[in-house]
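[1] fold the following, please.
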Amino acid sequence: MEDIVIVGAARTAIGKFGGSLARTPASDLGALVIRKLLERSGVPLRGELFGATAGGARVEDPAADLAVSAALASAASGAPPPPASAFVGEVGLTGLVRAVPGMGARLSAARAAGVRTVFAPAGAEVSDGIRHVPVHHVTQALTWAATRVGRIRADRPA
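    Just a heads-up that it's a prediction; the model follows:
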């Protein structure tokens, strides 16, 4: 079997299939990635974070990645996300935020729920009545949390 290599701007796990990381649970690897992304976003972790969904629903849609990142940043910093906001986008291992399919339907649902601001990948089609905060990297969507813990200037744009 050929080596499997994960490459990006940040150092990520590399190895071969069945190699030294084979016995490391995916949850441990995922936790490490989340911890590093939050640290790079300026949101220090002071302990452990626990994530759960209402009613035990499974979140398997990659479009929820940015929302989960925002929830974890909120828990870590103690800062609530901006009011009436939503987060949509797939977050890669390096923190880059990618577009997701079905943005029109997602935005319609968000607007119906009272959302006024959507943090979404740059270039996403955003409907009327919703402010779009373009996001290239997860750090751009989490400035509100980093500002709370004093890691970046408050006048830095979201």
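[2] on contacts alone, who are the packing partners of the helix or strand encompassing residue 110?
    Applying DSSP states H and E as the criterion places residue 110 in helix 103-112. In terms of contacts (3 or more Cβ pairs under 8 Å, 6 or more residues apart in numbering; DSSP states H and E), helix 103-112 is packed against strand 117-121. C-beta coordinates here come from the backbone N, C-alpha and C atoms, glycine included.
[3] using PDB, list the CA coordinates for the helix holding residue 110.
    The C-alpha trace of helix 103-112 is given here as PDB (Å, rounded to 0.1, in the frame of the first residue of the first chain):
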ATOM      1  CA  MET A 103     -26.200  27.900  -0.200                       C
ATOM      2  CA  GLY A 104     -29.500  29.300  -1.500                       C
ATOM      3  CA  ALA A 105     -31.600  26.900   0.600                       C
ATOM      4  CA  ARG A 106     -29.300  27.400   3.600                       C
ATOM      5  CA  LEU A 107     -29.600  31.200   3.400                       C
ATOM      6  CA  SER A 108     -33.400  31.100   3.000                       C
ATOM      7  CA  ALA A 109     -33.700  29.000   6.200                       C
ATOM      8  CA  ALA A 110     -31.300  31.300   8.000                       C
ATOM      9  CA  ARG A 111     -33.300  34.400   7.000                       C
ATOM     10  CA  ALA A 112     -36.600  32.700   8.100                       C
END
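[4] can you point out the buried residues in that helix?
    Of the residues in helix 103-112, those buried under the neighbour-count criterion (16 or more other Cβ atoms under 10 Å) are 103, 106-107, 110-111.
[5] tell me the angle it makes with strand 117-121.
    Counting by axes from the mean of the first three to the mean of the last three Cα atoms, to 10 degrees, helix 103-112 points 160 degrees away from the direction of strand 117-121.
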